[in-house]
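Peer 1: next one to model:
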Amino acid sequence: MGVMIIEDEEFGSMEVRSNARIKHYGVKILSEGKVAIMKPSRGSMIKALEFFESQRDWVRDRLERRRSKLRVFGYGVVLSTNTFDVELVRYGGEKFLGFMRRDERKLLIRCPEKEDIESEKSQSIVKSIILNAMTIEAKKVLPGWLSRLAEEHGFRYQDCRVMKMRTRWGSCSATKSIHLSSMLMILPSELIDFVLIHELSHTVEMNHSARFHELVDRCLGGRERELMEKIKKYSAVL
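Peer 2: I've put the predicted structure just below:
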């Protein structure tokens, strides 16, 4: 896959990705909020840009929706995860620094006083520190959690990987490998159970058929619909 960077007055730096496996032009919003134009390897750059222009309104709408879901962190305790709280404080240093205080169940982030905490740059650094900390914690907590639920309900799976997935809570492959997002750590325990049972159920039913939902509902004590509504209030993006 070849990648070219172009500049757009409205959306800034955008990627043009050439891919031999695709036959049609397309536009994607990447996880970090950047825009990517997809084109066949032998496709025309002119046609790729023309296609993008036809999709500009769609891109603008998607980015606005994404921004409306993103959190803006100020000072104080800004987030509670399953194993720690996040607190931002000012200090006179030059760099953003994160410290995990396990005895207090707290991630303390020191933010330079000279920096505008609400700027895109500052927010990006803060969120990166939080996501890295959540990923470390998730790798300690989630595999064992999944194993306990599998044993309790009689599921078998191949392996479990915890990743920095920003668009979904989890996935299960045809080989019964389960991937979990580190963002699960922001959910209440009952919703982590919901996601893990959902993925474990895919080791039996690789679809969303009536039998799949019956299995999930049975494992959750008849609460699938209730928990499905609750998880809609959360986003897998900081």
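Peer 1: got the contact list for the residue most central in space within the chain?
Peer 2: When C-alpha atoms, centre = their mean is applied to the chain, the residue found nearest the centroid is Arg166 (1.4 Å). The neighbours of Arg166, taking C-beta atoms under 8 Å, 6 or more residues apart in numbering as the test, are Ser31, Ser181, Met183, Ala236, Val237. To be clear about C-beta, it is placed using only N, CA and C from the backbone, and glycine gets the same treatment.
Peer 1: among these, which ones are buried?
Peer 2: Burial by neighbour count, 16 or more other C-beta atoms under 10 Å: within the contacts of Arg166 this picks out Ser181, Met183, Ala236, Val237.
Peer 1: can you read off the pLDDT for Lys47?
Peer 2: If you check Lys47, the pLDDT there is 94.
Peer 1: that one and Tyr25 touch, don't they?
Peer 2: Yes: using C-beta atoms under 8 Å, Lys47 is in contact with Tyr25, at 6.5 Å.
Peer 1: how about the helices in this structure?
Peer 2: When secondary structure is read from DSSP state H, the chain shows helices at 45-54, 56-69, 120-153, 189-201, 210-219, 224-231.
Peer 1: which among the buried ones among the contacts of Arg166 gets closest to Val3?
Peer 2: Minimum distance to Val3 across the buried ones among the contacts of Arg166 is 23.1 Å, recorded for Val237 (C-beta to C-beta).
Peer 1: look up phi and psi at the closest one.
Peer 2: phi -120, psi 130 (degrees, to the nearest 10).
Peer 1: setting aside sequence neighbours, what's the nearest residue to it?
Peer 2: Spatial nearest neighbour of Val237, chain neighbours left out: Arg166 (5.2 Å); criterion: C-beta to C-beta, 6 or more residues apart in numbering.
Peer 1: list the buried residues for the helix or strand bottoming out on mean pLDDT in the chain?
Peer 2: One helix or strand of the chain scores below all others by mean pLDDT, DSSP states H and E: helix 56-69, with a mean of 83. If you call a residue buried by 16+ other C-beta under 10 Å, then helix 56-69 has these buried ones: Val59, Arg62, Leu63.
Peer 1: now do that helix: which elements does it pack against?
Peer 2: strand 26-29 (3 or more C-beta pairs under 8 Å, 6 or more residues apart in numbering; DSSP states H and E).
Peer 1: can you tell me the strand partners of the strand it packs on and which way each runs?
Peer 2: Note on strand 26-29: by DSSP bridges, its sheet partners are strand 35-40 (antiparallel).
Peer 1: what are the contacting residues of the partner strand?
Peer 2: For strand 35-40, contacts defined as C-beta under 8 Å, 6+ apart pick out 8, 11, 14-20, 22-30, 45, 47-49, 51-52, 59, 63.
Peer 1: give me that answer again for 10 Å
Peer 2: Here strand 35-40 makes contact (C-beta atoms under 10 Å, 6 or more residues apart in numbering) with 1-4, 6, 8, 10-30, 45, 47-49, 51-52, 55-56, 59, 62-63.
Peer 1: how about stretch 42-56?
Peer 2: Residues from elsewhere that reach stretch 42-56, judged by C-beta under 10 Å, 6+ apart: 4, 6, 8, 10-11, 14, 16-20, 22-27, 35-40, 58-59, 62.
Peer 1: since that was my last question, I'll sign off now.
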